[in-house]
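Trainee: Next come a sequence and a model predicted from it.
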Amino acid sequence: MFKVPEKYRVKDHPTLGSDESYGNNGCFEIPDPKGGTTSLWVLCSDQQGWQHVSVSGRYKSLQSTFLPTWDDMCLIKSLFWDDEDCVVQYHPPKSEYVNCHPHVLHLWKQVGKEYPMPPSIMVGPK
């Protein structure tokens, strides 16, 4: 189930601010779980039959960005979806690429669809 962590919702930003009335749509700043000087900025939506988050890392002191890590994306997945939900990161045909920002990754889930997945043994033993 798609959900948003309300305690991290950005409310006071001049263009990205939202409140609970926006539902599962808005901007969220997730602090570094290790207490460091970074945060993850997440824009999310549940429109047109899709649940979507875009994730960018930010250095607080430098106001610059970085590409999220695998662990960062796992954290975001756990905050916005249930443990047993399967979400995907697409690699579309090159002719369909859209890159508005060099340090953003996306997670997607189509509403009402179950994704086929290869057997886990194809990745390695559990």
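Mentor: Arrived safely, thanks for sending. These numbers come from a predicted model, not from an experiment.

Trainee: residue closest to the middle of this protein?
Mentor: Central residue of the chain (C-alpha atoms, centre = their mean): residue 53, 3.6 Å from the mean position.

Trainee: ok, that residue touching residue 44?
Mentor: Yes. In this structure residue 53 lies within contact range of residue 44 using C-beta atoms under 8 Å: 4.5 Å. (Each C-beta comes from the backbone N, C-alpha and C, glycine too.)

Trainee: ok, and for stretch 40-58, which residues are buried?
Mentor: Residues of stretch 40-58 classed as buried: 40-46, 51-58 (neighbour count, 16 or more other C-beta atoms under 10 Å).

Trainee: Where does the residue nearest to the centre of the chain sit: helix, strand or coil?
Mentor: What DSSP: H, G, I helix; E, B strand; the rest coil gives for residue 53 is strand.

Trainee: quick revisit: quick check: neighbours shared by residue 53 and residue 44?
Mentor: Common neighbours of residue 53 and residue 44 (criterion: C-beta atoms under 8 Å, 6 or more residues apart in numbering): residue 80.
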